[in-house]
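K.L.:
I need the structure of the sequence given here:
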Amino acid sequence: MSSDSESEPERRQSVSAANLPRCVECGGFGVGLVTNPQRLCTHCARLTKAFFDPESSRFCRDEGFVDISPAADGGVLKKIIREGEAPGKQKLEEGCPTFVQYVGRLMDGSIFDTTRDMIDGRHVGGTDDPFEFQLGRQKVIKGWDIGVATMNVGEIARFIIAPEYGYGHEGFAPKVEPDETLDFEIELLSFKDALPRFPTQAELAESRKKQYEDDKKMLEENPPPTVGRDCSSPLIQVDFV
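P.N.:
Now for the predicted structure:
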């Protein structure tokens, strides 16, 4: 065999690669790379929004997800796995201390974060301690605030969250790459009455500015009394030189 001929492992690899599906956009291929009916790799799917278009997304079309994003852009998709309790008098709203169990996966199915100890009969690193956060106070990713607000106590739901509703262009190193799509399964355990909201730094600065302007205006309209040459009070003796 000549030196420029392919070795047997190389030949097998090339034959195997030829049988792999390729992305219709970039031509990339690999095991598990093309995972959607549009035949796009994960990277191109993110760029073209193919995962999140409510009209064509496999999640909406084939798996029963619904778009709950406020902008109706498909950025937060929800599917109820287990119905929760009927809503009571207490409403889940902004500021409520909220307690959940969750499993966070990437689009390849790998778990990157969870509160659960056991999943499918194996230990995955959680402690089974509930995770607590204040709803709607930007304590978690935007997709969580949007998704959990739609849940009832006892409900388990799955959410597919686009990067702009997740960790965005920055990602969450080392577990989540930039522009990564997230797949969360969340169980709403309970919540408490809403807590008062603390003002932001910008709001505090604006409040201080307004107070300064109000004080300045009050002094201009009601200047403090001053002692002059015309001192009419019989109780005050002033000698002027």
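K.L.:
pLDDT-wise, which helix or strand of this protein ranks last?
P.N.:
Taking mean pLDDT, DSSP states H and E as the measure, the helix or strand of the chain with the lowest value is helix 8-18, at a mean of 50.
K.L.:
quick one: contacts of stretch 120-132?
P.N.:
For stretch 120-132, the external contacting residues (Cβ atoms under 8 Å, 6 or more residues apart in numbering) are 97-103, 111, 114-118, 189. Quick note: C-beta positions are derived from backbone N, CA and C, even for glycine.
K.L.:
Now do the buried residues in it.
P.N.:
Residues G126, F131 are the ones in stretch 120-132 that count as buried (16 or more other Cβ atoms under 10 Å).
K.L.:
and if you look at stretch 187-205?
P.N.:
Across stretch 187-205, burial judged by 16+ other Cβ under 10 Å covers E187, L188, F191, A194.
K.L.:
Which strand residues bridge D67?
P.N.:
L77 (DSSP bridges).
K.L.:
Am I right that it is in contact with K79?
P.N.:
No - applying Cβ atoms under 8 Å, one finds D67 not in contact with K79, separated by 11.1 Å.
K.L.:
Which parts of the protein are helices?
P.N.:
8-18, 42-48, 58-63, 142-148, 201-221 (DSSP state H).
K.L.:
Confidence-wise, which of those is weakest overall?
P.N.:
Among the helices of the chain, helix 8-18 carries the lowest mean pLDDT, at a mean of 50.
K.L.:
tell me the pLDDT at G104?
P.N.:
Value for G104, per-residue pLDDT: 95.
K.L.:
right, I mislabeled it, should have said S57
P.N.:
pLDDT, S57: 65.
K.L.:
Also I119?
P.N.:
On pLDDT, I119 comes in at 87.
K.L.:
cool, and G28?
P.N.:
Looking at G28, its pLDDT is 66.
K.L.:
all strands for this structure, in order.
P.N.:
66-67, 76-82, 97-106, 111-114, 118-119, 122-123, 131-134, 156-161, 182-191 (DSSP state E).
K.L.:
Please identify the most buried of the ones you listed.
P.N.:
Comparing these by mean neighbour count (mean count of other Cβ atoms under 10 Å), strand 156-161 comes out on top with a mean of 23.
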